[in-house]
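Q: prediction below, plus the sequence it came from.
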Amino acid sequence: MVRDYDISNNEKQFVLTALEQNIRLDGRKLLQMRDVHISVSRDEYGYAEVSLGKTKVACRVTAEITKPYEDRPFEGIFQISTEISPICSPFFESGLTTGGKQSNDEILISRLIEKAVRRSGALDLESLCIIAGSKCWAIRADLQFLNYDGNFIDISSIAVMVALLHFRKPDMEIDGNNVILFDEDQRNPVPLSILHIPLCFTFQFYNPNDDEENIKGNLNNELVLLDANLIEERLSLGSMTLTINKNKELCQMVKCGGLNIDASMIMNCCQHASNLVDDLTRKIHDVIRTDSELRKNPVEKELQVVNQRET
Amino acid sequence: MSIIVENDPLDQVDGSASFEFGATKVMSSVTGPIEAARPRNELPTKAYLDINIRPSFGVPSTRETLLEHKLGQLLPAVINLDQYPRQTIQIAVQILKNGEPNDYTARQLVAIINSVFIALINSGISLKSSLMATCCSISTEGEIRTSPTSSELASSVSHFVVVYSIEDQQIDNLLFCDGLGTFKQQQLFDVLDRAASEILLNFQQIRQAIASHVSQNYVWKA
């Protein structure tokens, strides 16, 4: 049994006092994100490694043909699996040692990602239908948490979206009731139909005053932090996750208890997130575009130039 | 074969390493010696090895359990388990890229063994000797290939995973040999010889990676 990550009182006070003076241990501004580093696999489709500071996550997307759900014959299946293995930190114990019981963190993360990506309709499920009621694509995104330094939620949403954008499923043809799948050499595999790119931004709240001021007062000087690292996340008094896309649509807002925050501050957070989402979306598109450029073979490139359209 | 080793990429565990060769990539972490999570795992005379392998996609199946079992048979031969009585050594492995058809585990097993070995060194667990794994395949023409690619594996008649212990930069003992398919006795001996020379060659690279990591860790001492 590994003990939880302990923070001494001195360390706690040091971090909190620094935050009150707008200083973070890694030298960032309070509302500044860590650098996002995205890399995708060159040899295969649907694999992305994303790191946010020291936090690191890999995501792999796979597809297979199955029978659709009875009540949804025109839709494909999309699953996201988020199981935290002890590799990223020994205090996440494996499901096997705890008798299959998931930790609270794990459930929270998987539900947030599920809501952000799946239920916001990022992936067009109807395009995954092959033969209504009998055959459809089942897309599965496996998140692998590698290193933990806070903020799993934001990085997971990035990783899932990059892997989905990077993924290509084999091309196919329907002949009556038979489905013919084509090899990569026969026909170019086709990308998934992604309707929008929802990205999560998690804010942490801290209270420099006492509880009474927080509840009754009008000062509104609670501290708001974006993209907290491990120690900041542990000391936080409440968190809020916003899911937003490039079209400035708010797909999800979750604030489960914690510190009382004024509505105007929440509006400010939304505004800030909508400024960040453009840069991040552009970064994701850049990575995907560079990868597809590198994959084109020279002859094909020559032939495609005529029909090239900028996406 | 080009090997890419990353030392201690993970912060929250005692030792970790990622091992990449060709299209296969595996990341391993070692935590320990720690207190046993369950009384049942508390062995009075030696440490308990808690091995956990996670596949690159899908949920862990019998395939991963078999790999865990193979690793569990190999590791007690090199770890000084009796030095840590009543403790647990937790080994977590994440397969990142299979690099071979789903019915095969040879390339993954090689990457798992090598990455776990480097992670064990980084974690400071007491070891009896160095070890290294490699895989070979025999093609339909009877030709032996070391570190076969995905397509070479699929077209081979048999393939092997071979692990040798290494002492004083010389091959010492055969620790593990796992062959699948049809082969003759002489072919097996040839495979073992080829694997030994391949391991000697590649071990230099791993040794260098570990040496540069150690010198980086002790940069304050110079």
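A: Arrived safely, thanks for sending.
Q: drop to CA atoms for contacts and neighbour counts, all remaining ones
A: Fine.
Q: may I see the buried residues of stretch A:15-34?
A: By 16 or more other CA atoms under 10 Å in any protein chain shown, the buried positions in stretch A:15-34 come out as A:15-16, A:19-20, A:24, A:30-31, A:33-34.
Q: send me that stretch as CSV with only the CA atoms.
A: What follows is stretch A:15-34, C-alpha atoms only, in CSV (Å, rounded to 0.1, in the frame of the first residue of the first chain):
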residue,chain,number,x,y,z
VAL,A,15,2.5,27.7,-2.2
LEU,A,16,-0.7,29.5,-1.0
THR,A,17,1.2,32.6,0.1
ALA,A,18,3.0,32.7,-3.3
LEU,A,19,-0.4,32.4,-5.1
GLU,A,20,-1.8,35.3,-3.1
GLN,A,21,1.1,37.3,-4.6
ASN,A,22,0.3,36.0,-8.1
ILE,A,23,3.3,33.8,-8.2
ARG,A,24,3.2,30.2,-9.2
LEU,A,25,6.1,27.8,-8.4
ASP,A,26,6.8,27.1,-12.1
GLY,A,27,6.8,30.9,-12.9
ARG,A,28,3.6,31.0,-14.8
LYS,A,29,0.9,33.6,-14.5
LEU,A,30,-2.3,32.5,-12.7
LEU,A,31,-4.3,32.0,-15.9
GLN,A,32,-1.5,30.7,-18.1
MET,A,33,-1.5,27.1,-19.4
ARG,A,34,1.6,25.0,-19.5
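Q: say whether chain B is contacted by that stretch.
A: No: on the criterion CA under 8 Å from any CA of the partner chain, stretch A:15-34 is out of touch with chain B, staying 15.9 Å away.
Q: still on that earlier bit, got CSV for the buried residues of stretch A:15-34, with distance to residue A:202 and pLDDT too?
A: CSV is the format used below for the buried residues of stretch A:15-34 (distance: CA to CA, whole Å; pLDDT from 0 to 100):
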residue, distance to residue A:202, pLDDT
A:15, 19, 91
A:16, 19, 90
A:19, 17, 91
A:20, 19, 89
A:24, 16, 91
A:30, 12, 90
A:31, 10, 92
A:33, 10, 92
A:34, 12, 93
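Q: which of those fall in helices?
A: Counting by DSSP state H, the buried residues of stretch A:15-34 place A:15-16, A:19-20 in helices.
Q: export those residues to a markdown table and tack on distance to residue B:192?
A: Compiled in a markdown table, those are given as follows (distance: CA to CA, whole Å):
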| residue | distance to residue B:192 |
| --- | --- |
| A:15 | 57 |
| A:16 | 60 |
| A:19 | 61 |
| A:20 | 64 |
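Q: closest to chain B among those?
A: Nearest to chain B among these, counting by CA to the nearest CA, is residue A:15 at 19.7 Å.
Q: from the ones in helices among the buried residues of stretch A:15-34, which is closest to residue B:13?
A: residue A:15 (23.2 Å; CA to CA).
Q: tell me the pLDDT at residue B:1?
A: Here, the pLDDT recorded for residue B:1 equals 63.
Q: go on, residue A:267?
A: 93.
Q: what about residue A:254, how many neighbours?
A: If you count neighbours by other CA atoms under 10 Å in any protein chain shown, residue A:254 ends up with 12.
Q: does it really touch residue A:238, like I thought?
A: No: the criterion here is CA atoms under 8 Å, and residue A:254 misses it with residue A:238 at 11.0 Å.
Q: residue A:268 - that's part of a helix, no?
A: Yes: assignment of residue A:268 by DSSP: H, G, I helix; E, B strand; the rest coil places it within a helix.
Q: distance of it relative to residue A:277?
A: Using CA to CA, to the nearest Å, residue A:268 is found at 14 Å from residue A:277.
Q: what's the answer for residue A:204, then?
A: Relative to residue A:277, residue A:204 is positioned 18 Å away (CA to CA).
Q: quick one: which of those two has more around it?
A: residue A:204 (25 against 22).
Q: residues contacting the more buried one?
A: Residue A:204 makes contact with A:224-228, A:233, A:236-240 under the criterion CA atoms under 8 Å, 6 or more residues apart in numbering or on different chains.
Q: how many residues are close by the closest residue to residue A:265 other than its chain neighbours?
A: Nearest residue to residue A:265 in three dimensions, chain neighbours excluded: residue A:220, at 7.9 Å (CA to CA, 6 or more residues apart in numbering or on different chains). If you count neighbours by other CA under 10 Å, residue A:220 ends up with 15.
Q: residue A:148 against residue A:89, yeah?
A: Yes: with contact defined as CA under 8 Å, residue A:148 reaches residue A:89; the gap is 6.5 Å.
Q: who's more crowded, these two?
A: Higher neighbour count among residue A:148 and residue A:89: residue A:89, with 25 against 21, using other CA under 10 Å.
Q: any idea how far that one lies from chain B?
A: Per CA to the nearest CA, to the nearest Å, residue A:89 is found 5 Å from chain B.
Q: what helix or strand is that residue located in?
A: Using DSSP states H and E, residue A:89 sits in no helix or strand.
Q: so what's it closest to, chain neighbours aside?
A: Residue A:89 sits nearest to residue B:12 (CA to CA, 6+ apart), 5.0 Å away.
Q: Three-state assignment for the one you found, please.
A: Assigned with three-state DSSP, residue B:12 falls in the coil class.
Q: how many neighbours does it have?
A: Neighbourhood size, residue B:12 [other CA under 10 Å]: 21.
Q: who's in contact with it?
A: Contact partners of residue B:12, counting by CA under 8 Å, 6+ apart, are A:88-90, A:147-148.
Q: make JSON lines out of those and add pLDDT.
A: Shown next, in JSON lines, are the contacts of residue B:12 (pLDDT from 0 to 100):
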{"residue": "A:88", "pLDDT": "78"}
{"residue": "A:89", "pLDDT": "74"}
{"residue": "A:90", "pLDDT": "69"}
{"residue": "A:147", "pLDDT": "89"}
{"residue": "A:148", "pLDDT": "87"}
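Q: possible to save those as a markdown table with distance to residue B:157?
A: As requested, the contacts of residue B:12 are exported to a markdown table (distance: CA to CA, whole Å):
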| residue | distance to residue B:157 |
| --- | --- |
| A:88 | 38 |
| A:89 | 41 |
| A:90 | 41 |
| A:147 | 40 |
| A:148 | 43 |
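Q: does stretch B:87-104 come close to chain A?
A: Yes: Stretch B:87-104 is in contact with chain A by CA under 8 Å from any CA, via B:92-94, B:96.
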